[in-house]
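K.L.:
Next input, structure requested:
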Amino acid sequence: MAAPLRRADQLADANGHIQNGNYQNPPRVKRQFRDPYGGWWDKQEKRNFGEPVHEDNEILGVFSPEQYTHVSSGKGFLHLGVFVAAFLSLCGVVSLYYPDKPSVPKAYVDGLEKELGGPNAVPACKAGEDKW
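P.N.:
Next up, the predicted model:
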């Protein structure tokens, strides 16, 4: 199985592309970066009539996902860090000024000893009985 792969490697041209029946492979340029006012025959795809199509046309075309070049990764991480710091600061300020309880807790005359089954509470079952 290694022999066909080696043979394909030997057929590679000077640019490192495998020749595809002498089909001209244009340079790998994403259509997003072509001049939008370049007088293209197909204005939407930014392509001229008869222009050879790259073998990765579906990746390089206009309808492929746009390559994001507006912000560098370092600046993006800086923006993310500033957002996280601002959000945590806001949470800290809110926790300082937010009241602990919205109302006064309910007070019982004798406490909750009887309601929670303290020593003076009525037993649910007699001693030695199964609870179930």
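
K.L.:
C-alpha from now on. contacts and neighbour counts both.
P.N.:
Will do.

K.L.:
can you map out the helices along the chain?
P.N.:
2-10, 57-60, 73-97 (DSSP state H).

K.L.:
ok, and which of the ones you listed has the densest surroundings?
P.N.:
helix 57-60 (a mean of 15; mean count of other C-alpha atoms under 10 Å).

K.L.:
distance between that helix and the chain's centre?
P.N.:
Between the mean C-alpha location of helix 57-60 and the chain-wide mean there is a distance of 23 Å, by C-alpha atoms, centre = their mean, to the nearest Å.

K.L.:
Using CSV, list the CA coordinates for it.
P.N.:
Output in CSV follows, covering the C-alpha atoms of helix 57-60 (Å, rounded to 0.1, in the frame of the first residue of the first chain):
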residue,chain,number,x,y,z
ASN,A,57,-13.1,26.1,-4.2
GLU,A,58,-15.7,25.2,-1.6
ILE,A,59,-13.3,26.4,1.1
LEU,A,60,-12.1,29.5,-0.7
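
K.L.:
can you tell me the average pLDDT over that helix?
P.N.:
Model confidence over helix 57-60, given as mean pLDDT, is 86.
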